[in-house]
Each structure stands twice: as structure tokens, then as C-alpha cells.
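Asks: only geometry, no sequence info:
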């Protein structure tokens, strides 16, 4: 069976989305590398498409950058009205206020 060879254009697209998410948070490659337990050279290689983003690393990157993993992978979701603004506001809140907001949303949603 032939070895699977990943298309470099896919790696480049995922890397570009990772870079965009990182810069959107105002993070350096070094800060992201530290959060992912990688070195900055590895983050640079992922962002430029020379190295693949593993599934585990994609999940962790999405968590620390506050974006859906589907956004990093380029999976198109049907947006919910106001979702982007809600996420932006949640990211700007302190941990205490974010927890309160999530409790309120859960209560409204009946969860």
C-alpha cells in the first residue's frame, strides 16, 4: 500500500489559519510554542506548511487560542447569528465574568 503523502497546499492553508488565529490573539510564535510544548521553530514550520499540524496539537492550539478546531482545519460551519461577537466578548472578559456569562447562557438554553 502506498504511503499517504499530504498535499503541501493543505499544510500551508492550515498553517496560515493557525498564524491568523495566533496573531488575532496578539501572540508571538514563542508564546504559542510554549503553550503547545513545542519550540518556536516548529511553530514556524507548521505556519509555513513545512510541517503538519497533528490532530492533538490542533485541538490544543484551538483551546489555547480560543477558536474552534474546525476554524484551524478549514471546515466550514453554518454560523449562528452573533456567534462571532459573542466569542469576541467572551475572550475579552476576565475568567470570573466569562464563567458567569456561560452560566447565564446555560440557564437560558435550559442546559
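Replies: Good, I have the coordinates. This one's a predicted model, so the numbers in the text were calculated from it and none came from an experiment. Numbering: from 1, shown residues only.
Asks: And stretch 47-57, what's buried?
Replies: Within stretch 47-57, the residues scored as buried using 16 or more other CB atoms under 10 Å are 47, 49, 51-53, 57. Backbone N, C-alpha and C define where each C-beta goes, glycine included.
Asks: nearest to residue 12, of these?
Replies: Comparing the buried residues of stretch 47-57 against residue 12 with CB to CB places residue 49 closest, at 3.3 Å.
Asks: so that closest one sits right up against residue 12, yeah?
Replies: Yes: applying CB atoms under 8 Å, one finds residue 49 in contact with residue 12, separated by 3.3 Å.
Asks: Let me see the domain layout of the protein.
Replies: Domains of the chain are assigned by automatic domain parsing as 1-77, 78-111.
Asks: Show me how far the shortest one is from its chain's centre.
Replies: The offset between the C-alpha centroid of domain 78-111 and the centroid of the whole chain comes to 17 Å, using CA atoms, centre = their mean, to the nearest Å.
Asks: cool, the first one as well?
Replies: Mean-position distance between domain 1-77 and its chain equals 8 Å (CA atoms, centre = their mean).
Asks: could you give the mean pLDDT of it?
Replies: Averaging pLDDT along domain 1-77 yields 90.
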